[in-house]
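Enquirer: Turn this into a structure:
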Amino acid sequence: MSIELDFPEFPYEEPPDGITCRQKPWNGVLVRVDQIPFKTGDKVTFHVTVCSDATGQTLAAKTQGIVTITADTTSADYTIPWDGVLDAVAEGSIIAFYTLAPADGSAPSTSEAAIVRYSRQQPGGAVCGPDD
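Expert: Residues are numbered from 1 along each chain as shown. Below you'll find the predicted structure:
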């Protein structure tokens, strides 16, 4: 069974600004996969890279989040953590893709990557954070 995997989304992205202080990234940044026919027991692994440039070339931090699907659904969410990941840069980009390992043991599939601009820079040069 071949499933065409859609790009993950950043539901709170505000184009053209991306993820900024308005989204309070110190509370985590949500990544969502939607409109995929997940089955109970499927494993979705989110692969996230935070880069210190807008084009995703300069690695600052990486993380993975594994979500085990507990009921048949069409969406899965992962919140990118602040500590050690989102706090690694004040300005750059976030890249996310995911791998689906079906519960039936069939071959895993990997999505294409999504990229979003990420900035904690405020007007005047201050950098926002959890103490704001």
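
Enquirer: dump the residue contacts of Val85.
Expert: Val48, Val50, Ala61, Lys62, Thr63 (Cβ atoms under 8 Å, 6 or more residues apart in numbering). No exception for glycine: its C-beta is placed from N, CA and C like everyone else's.

Enquirer: out of those, which is most surrounded?
Expert: The member of the contacts of Val85 that has the most neighbours, counting by other Cβ atoms under 10 Å, is Val50 with 25 neighbours.

Enquirer: That one contacts Ala90, correct?
Expert: No: Val50 is beyond contact range of Ala90, at 11.0 Å (criterion: Cβ atoms under 8 Å).

Enquirer: what's the pLDDT at Ile3?
Expert: According to the prediction, Ile3 has pLDDT 55.

Enquirer: what sits against Ala103?
Expert: Lys39, Thr40, Gly41, Asp42, Lys43, Ile69.

Enquirer: On the three-state scheme, it is what?
Expert: At Ala103, secondary structure determined by DSSP: H, G, I helix; E, B strand; the rest coil is coil.

Enquirer: quick one: which of the contacts of Ala103 is nearest Tyr12?
Expert: Distance to Tyr12 across the contacts of Ala103 (Cβ to Cβ) is lowest for Ile69, with 22.5 Å.

Enquirer: Could you measure from that closest one over to Asn27?
Expert: Distance from Ile69 to Asn27, counting by Cβ to Cβ, to the nearest Å: 24 Å.

Enquirer: And Ala114, how far from Ile94?
Expert: For Ala114, the distance to Ile94 - Cβ to Cβ - is 9 Å.

Enquirer: Likewise for Leu86?
Expert: 8 Å.

Enquirer: These two: which has the busier surroundings?
Expert: Ile94 (27 against 23).
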